[in-house]
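Participant: Just the structure for this:
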Amino acid sequence: MNKAILTLGLCAGLFVLSACSSSGTQQGNQRDLTGAMWSASTFMDQALVPGSGITIEFTSDGKVSGSSGCNLYSGVYKTDGNSMIISTPLASTMMACSQEIMDQETAYLKALGEVKTFTATRDQLTLKDAGGKNLMVYEAQSQDLAGTSWEVTGYNNGKQAVTSVLIDTLITAEYGKDGTLSGNSGCNDYSGPYKVSGNKITIGPLVSTRKACAQEIMDQESQYLAALETAATYKIESKALELRTADGALAVNYIKK
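Facilitator: Numbering: from 1, shown residues only. Model prediction:
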């Protein structure tokens, strides 16, 4: 009995410093930061700008990355117990979006540099400033493909280049709960099996109907279907799905329908 009381007392004494964690083991409802894609539900206690999606992902080797609403960002971070430092400025892509989204993005990237502490449970991550104010609250994002529908925004053309979908064409994908991938590849309908294990994915072999369209559409179709069968990993981030090859090259980009 005395040993149990002593152990409890030690844990209580350490809780303020490290949330009673040791060697990466989380107690109670706490969880590790890594191994999850986190999608922001609020920023500065406000809902996100409509049409934007903010995400963050932490790796065990000290890297942080995500979408800031318009662009992708990346950098490094350090933790000590429940303390956190995200080094700024962060690297970022240079796409342009609406002014409202760009203003939110600028404020978000600045706020990441103000993060001092965090709390992470199974379903939620909160980043706070030095005064304990909530900066961002994120929800753990499901990586379950089954039952989801997507539209292609870009694909690898097999010539070491990622290209956008032709104007006035639409390429779709539906990942069925029965393990079947189906959709329209711009001219014809296609289908075939897919399997996932963690973030690993295998697709194919794929079959297609045989309708003829303009040659450039047929070329796009064959390149897209070939790209699908090269996919080795996938990641769902906010409203986007990304397929990559075994060597990390982008295979297909989708946006949620």
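
Participant: Neighbours of the residue lying closest to T88 once chain neighbours are set aside, how many?
Facilitator: Residue nearest to T88 in three dimensions, not counting chain neighbours: G113, with 3.5 Å by C-beta to C-beta, 6 or more residues apart in numbering. Backbone N, C-alpha and C define where each C-beta goes, glycine included. G113 is flanked by 13 other residues according to other C-beta atoms under 10 Å.

Participant: from what I can see G113 touches I86, true?
Facilitator: Yes. The criterion here is C-beta atoms under 8 Å, and G113 meets it with I86 at 6.3 Å.

Participant: need the contact list for the residue minimising distance to the centre of the chain.
Facilitator: Note on the chain: the residue nearest the mean C-alpha position is E237, at 2.7 Å, using C-alpha atoms, centre = their mean. Applying C-beta atoms under 8 Å, 6 or more residues apart in numbering, we find E237 in contact with 37, 39, 53, 55, 57, 66-67, 141.

Participant: now those residues in CSV, with neighbour count, distance to G158 and secondary structure?
Facilitator: Formatted as CSV, the contacts of E237 follow (neighbours: other C-beta atoms under 10 Å; distance: C-beta to C-beta, whole Å; DSSP: H, G, I helix; E, B strand; the rest coil):
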residue, neighbour count, distance to G158, secondary structure
M37, 20, 28, strand
S39, 22, 32, strand
G53, 20, 29, coil
T55, 23, 29, strand
E57, 19, 29, strand
G66, 25, 29, strand
S67, 23, 27, strand
Q141, 18, 30, coil
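
Participant: which two from those end up farthest apart in space?
Facilitator: G53 and E57 (13.1 Å; C-beta to C-beta).

Participant: And for L90, nearest residue in space, chain neighbours not counted?
Facilitator: Distances taken as C-beta to C-beta, 6+ apart place G75 nearest to L90, at 4.0 Å, with adjacent residues excluded.

Participant: go on, A173?
Facilitator: Nearest to A173 is G183, by C-beta to C-beta, 6+ apart, at 4.3 Å.

Participant: Output the strand or helix carrying that neighbour as PDB, nothing but the C-alphas.
Facilitator: Under the criterion of DSSP states H and E, G183 resides in strand 180-184. Extracted C-alpha coordinates of strand 180-184, given in PDB (Å, rounded to 0.1, in the frame of the first residue of the first chain):
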ATOM      1  CA  THR A 180     -12.700  -1.800 -55.400                       C
ATOM      2  CA  LEU A 181     -11.500   1.400 -57.000                       C
ATOM      3  CA  SER A 182     -13.600   2.800 -59.700                       C
ATOM      4  CA  GLY A 183     -14.300   6.100 -61.600                       C
ATOM      5  CA  ASN A 184     -14.000   7.900 -64.900                       C
END
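
Participant: which one of the contacts of E237 is nearest G81?
Facilitator: Nearest to G81 among these, with distances taken as C-beta to C-beta, is E57, at 20.7 Å.

Participant: Look up how far I236 lies from the closest one.
Facilitator: Here the criterion is C-beta to C-beta, to the nearest Å. By it, E57 lies 11 Å from I236.
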